[in-house]
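**Student:** show me the folded form of this:
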Amino acid sequence: SPSSPTLLLPSHSHNRSAMCWNSGLEQVQVEFYVNENTFKERLKLFFIKNQRSSLRIRVFNFSLKLLTCLLYIIRVVTDNPGQAAGASPSAGQQSAPSGSNKWFVIVAIISFLETMLLMYLSYKGNIWEQMFQVSFLLEMINTVPFIITIFWPSIRNIFIPVFLNCWLAKCALENMINDVHRAIQRTNSAMFNQVLILICTLLCLVFTGTCGIQHLERAGKNLSLFNAFYFCIVTFSTVGFGDVTPRIWPSQLLVVIMICVALVVLPLQFEELMYLWMERQKSGGNYSRHRAQTEKHVVLCVSALKIDLLMDFLNEFYAHPRLQDYYVVILCPSEMDLQVRRVLQIPLWSQRVIYLQGSVLKDQDLLRAKMDDAEACFILSSRNEVDRMAADHQTILRAWAVKDFAPNCPLYVQILKPENKFHVKFADHVVCEEEFKYAMLALNCVCPATSTLVTLLVHTSRGREGQQSPEQWQRMYGCCSGNEVYHIRVCDSKFFGEYNGKSFTYASFHAHKKYGVCLIGIKREDNKSILLNPGPRHIMAATDTCYYINITKEENSAFIFNQEESKGRGGGGLYDGPLQLPVHSIIASMGTVAMDLHNTSPPDVSGGKLAPPSVNGARGRRPSIAPVQEIADSASILPCDLLSDQSEDDSVFTDEKGDSSAEYVKGYPPNSPYIGSSPTLCHLLAEKAPFCCLRLDQGCRHNSFVDAKAYGFKNKLIIVSAETAGNGLYNFIVPLRAYYRPRKELNPIVLLLDNPPDNHFLEAICCFPMVYYMAGTIDNLDSLLQCGIIYADNLVVVDKESTMSAEEDYMADAKTIVNVQTMFRLFPSLSIITELTHPSNMRFMQFRAKDCYSLALSKLEKKERDKGSNLAFMFRLPFAAGRVFSISMLDTLLYQSFVKDYMILIARLLLGLDTTPGSGFLCAMKVTEEDLWISTYGRLFQKLCSSSAEIPIGIYRTESHVFQTSESQVSVSVDECEDTKDKGDESRSNDQSDHPLLRKKSMQWARRLSKRSARWQGGSRDPSKDHAQRIAQQRLNLYRRSEREELSELVRNRMRHLGLPTSGYGEDGHIARPLTPDQSDGQRRHEQSQSGIPQNTLSYVLINPSPNTRLDLQIALHTGSLCHVAVSTQLFAICNISG
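**Tutor:** The predicted structure follows:
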């Protein structure tokens, strides 16, 4: 109020703030100041402290200095020494126009006043220190004489070295640039400042020398200003033509002084500049703002950049034609190593890849990378860290930092642990490593080589690998590896446009028959969900988006219609010639409604869906296959209740120990181990199993079983060896217990864990049937035998986190490889699926020394790598057969999603990580000798589409092959030395891997010892000699054994020690299959003899082969063939697929 007293308390500030305190009728207003509110402080704030006002003052000062230098040049050019009348011609005299002198005086007065004012404002108690500064002395030399001429006009013609103002202009420019950088908050300007200082220093030296020599030579040769400038340039460049030289000693002395100054100042400037340049090279500098606005770029954020990761990213990213003009900016906190530096110096990458050393958590580094202008940001986790949880935490912070700095930049994030996935849910695309890894390893057990199938699909290739190889399987395998997933709208498609208004199954079959493309999925315009093989229920619409597998996308295809197509050859597609391959096959397909459209009765399990059609009720064969209907008959498509039990399960399946199948129910797992897991309908126990019953090797009050044999499993086991029971292991169990798996085909799962699981994990898995665990390691034979390895069909070895990092990077897989090799020797018929850290180490899997065929494959791999192939490792036999896998091979899935944003979703649907109503899934179907009436892959496509509406997508083939073996691999035995044994003994000795010379010498020594014992038998019989004879005979028997027999005896001895029956383990190391109730011992022995895949076979995957690929079966092969099939979720009759 006006009557209330006001108390003003000044403080130290020009900017002030007010605070009011109201008590009753009195009000006190207090003003606070940050700085002193004095006239000097106000002037100091305006001239020095305030960035914008001080910048204006410095610009004005810089302009004055440049003006004086310009006036001096004008004075020299317009000056005529002959006009100096009445004055002695000395070096110190020169005439000048009166107008020019007035300008000098005005500028001098302004500069003097400004200098004195700044000296007063910056005074800190020592006046002499300020007076003897070089800048102050130069100001006095260039201003005071002009001021004196105002009062003493007779000395106006005296020479004043005004050109020295160039050094003051240099200082003013440096201060001005600093103020500019402070005003715009620019911190990374050291390199710019140093370059500017160096250039200004050179200009000042040249200008000072030019003007000084020109003035001093007025008393001698009278050089012009241009000649003086020419002399300075020739001198400072160390050329020294000698055509222009100073004649008098003052100018010569000035040249000496200038050269000395240059020799001192310039090296210091260059040294500072080189230091800053080297530091900038380490940090990578900045990505140009102009380039960011005119060119497109993506940012790759990693914690440590390895050469393998870099090459995988660059090869996959630049494999797409429309990305050739993109720049890749790498932002990494660590310094670039030598290997990466050498690669980035290659011209192919040096112009497109920019390495910046910096942290994603710093806005300055994100600004350097121009993250706000980037087309995408890829954030990759460091999977080689010992603490993978800590690596995920770093990834999460990086994702948050990028989202905070550039909210509109698309994010592609790679996460390791599934429980951390929900922290980066906001990202546009997320790939969880452990989710994909465990789901892929699980499907490898029921659908062979799923890992190879998916890896080839997510790698960009032209299908040219192996085309120069002399072997037909390599050419075919390499050609089919070029298939990828593409998309196109029906209305824009030549492949599928003609099938508008027809069923999905009809379109898929005829597109494959006519064009060789495989239609696998669809997406409606009004629905964001992708449906894999929705079946005949789905009618193609013009606005639908089709997803298909082909060598190249339709936009890059040329359509050539010839007479062969009109004759009904079915269109060989992009493959050349008929493929007469005598092999047995596993067909990968994506089925949907598992129902015979011509026979709706429950399927016959023994017959299989590929059985030939019946004629007049008898089981005969006819040459034709039913055509695929354009629109399926609604009466033949019955509604399906996913929660109802199927008749085939209720009538066939019984649980262990006589329990009925009613103990199993279908439902969603009640306890998910982490947030963000996709709900999947599974086979569940009606009541959760107690935790004590989940322990395989220990009995409890509910049962007394202590080993796998006691459980009496009807199907073979799947054993998973892992270090810990992480949440990702949950994704291994779910695909194997999904509702679309027939109950009678569920395999028991045994988790062999180095560390016992916690109750949280047990709570998540206790609802699944036939899931057990035990503590043990794969390098302990007792643990393997107790967990039932002799009753197992598949052993999955998961890479351990504690071994992922090593001093030598590629040694991280050493322990895993050696342990797997030991199991391969102990159990040769066991299917071992191994995960490795580094893909390059897969060449050591199932290693045989001096294997000629492996050496040939190694040479082929090197040739493909030299040709620039992204899949050079694809011809390694373990990878082609799906026996080895590295999660780093799936990094390309994240990279491909930049161009194909649907790839992650399709991969999740294929692996069963996501389930969409009406969508299909991946499973397997066996093609046996009885199915060869189908003849070709195209007819098989028609059979599946017309009967059960399934879409085949590829073949997994196993064919016999003759491997050449060097002579050094054949072990020498007693039988070979004596030449008295049959060829069967020779074949056993060939498997030995001991040193042949040592074994031969030892057996010769044993034979000589036995002959001596025979001669001693003619004399008197001594008990001690009989004992020695027995010892010698035992030693001879030991040396006569093959390595295979020794290993078999070792396993049997350990089984006897553990109290396990040895009937399931054969002499040759082959493991037994469980005996089913309707199977005799003779039948089981015959099946065991047929189960082991011979070592002279190789397996590989053919993705979307040509329709005329034949399905021949060699009689010499002992195993049937399997087929990957995807069955629709609309019906549960999976028996039509199992075949």
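
**Student:** kindly provide the distance from the residue nearest the centre of the chain to Glu434.
**Tutor:** Centroid check for the chain by C-alpha atoms, centre = their mean gives Asp891 as the closest residue, at 2.9 Å. Distance from Asp891 to Glu434, counting by C-beta to C-beta, to the nearest Å: 14 Å. (C-beta placed from N, C-alpha, C; glycine too.)

**Student:** that older thread, what about the residue nearest to the centre of the chain, which helix or strand?
**Tutor:** Assigning secondary structure by DSSP states H and E places Asp891 in helix 891-896.

**Student:** one more: Leu453?
**Tutor:** Leu453 belongs to helix 450-458, assigned by DSSP H and E.

**Student:** what's the model's confidence in that helix, averaged?
**Tutor:** What helix 450-458 shows for mean pLDDT is 92.

**Student:** quick check: closest non-adjacent residue to Glu433.
**Tutor:** Excluding the flanking residues, the one nearest Glu433 by C-beta to C-beta, 6 or more residues apart in numbering is Leu416, at 4.9 Å.

**Student:** pretty sure the one you found is touching His393, no?
**Tutor:** No - between Leu416 and His393 there is no contact under C-beta atoms under 8 Å: 10.3 Å.

**Student:** quick one: which of these two has more around it?
**Tutor:** Leu416 (24 against 15; other C-beta atoms under 10 Å).

**Student:** residues in contact with that one?
**Tutor:** If you count contacts by C-beta atoms under 8 Å, 6 or more residues apart in numbering, Leu416 has them with 381, 383, 388, 391-392, 395, 432-434.

**Student:** picking that back up, how far out from the middle of the chain is the helix holding Asp891?
**Tutor:** 6 Å (C-alpha atoms, centre = their mean, to the nearest Å).

**Student:** which strands or helices does that helix pack on?
**Tutor:** helix 307-317, strand 411-415, strand 429-432, helix 450-458, helix 903-911 (3 or more C-beta pairs under 8 Å, 6 or more residues apart in numbering; DSSP states H and E).

**Student:** ok, which of the ones you listed comes nearest Cys546?
**Tutor:** helix 903-911 (12.4 Å; C-beta to C-beta).

**Student:** tell me the angle the closest one makes with helix 450-458.
**Tutor:** 160 degrees (axes from the mean of the first three to the mean of the last three C-alpha atoms, to 10 degrees).

**Student:** so how far is helix 903-911 off the chain centroid?
**Tutor:** 17 Å.

**Student:** who's in contact with that helix?
**Tutor:** The contact list for helix 903-911 (C-beta under 8 Å, 6+ apart) reads 429-431, 436, 439-440, 443, 450, 454, 457-458, 485, 521, 530, 532, 547, 678, 735, 893-894, 896-897, 914-916, 919-922, 1126.

**Student:** gap between the two ends of stretch 511-519?
**Tutor:** Terminal residues of stretch 511-519 are spaced 7 Å apart (C-alpha to C-alpha, to the nearest Å).

**Student:** revised request: answer the last question for stretch 216-229.
**Tutor:** 14 Å.

**Student:** next one: stretch 920-928
**Tutor:** Across stretch 920-928, the terminal residues are separated by 24 Å (C-alpha to C-alpha).

**Student:** how close does the spatially closest residue to Glu419 that is not a sequence neighbour get to Glu385?
**Tutor:** Setting aside the residues directly before and after it, Glu419 is nearest to Tyr674 in space (C-beta to C-beta, 6+ apart), at 3.8 Å. Distance, Tyr674 to Glu385, by C-beta to C-beta: 20 Å.

**Student:** the two: who's more crowded?
**Tutor:** Neighbour count, other C-beta under 10 Å: between Tyr674 and Glu385, Tyr674 has more, with 21 against 18.

**Student:** who are the contact partners of the more buried one?
**Tutor:** 418-419, 421, 727, 730.

**Student:** tell me which element it is part of?
**Tutor:** With DSSP H and E as the test, Tyr674 turns up in no helix or strand.
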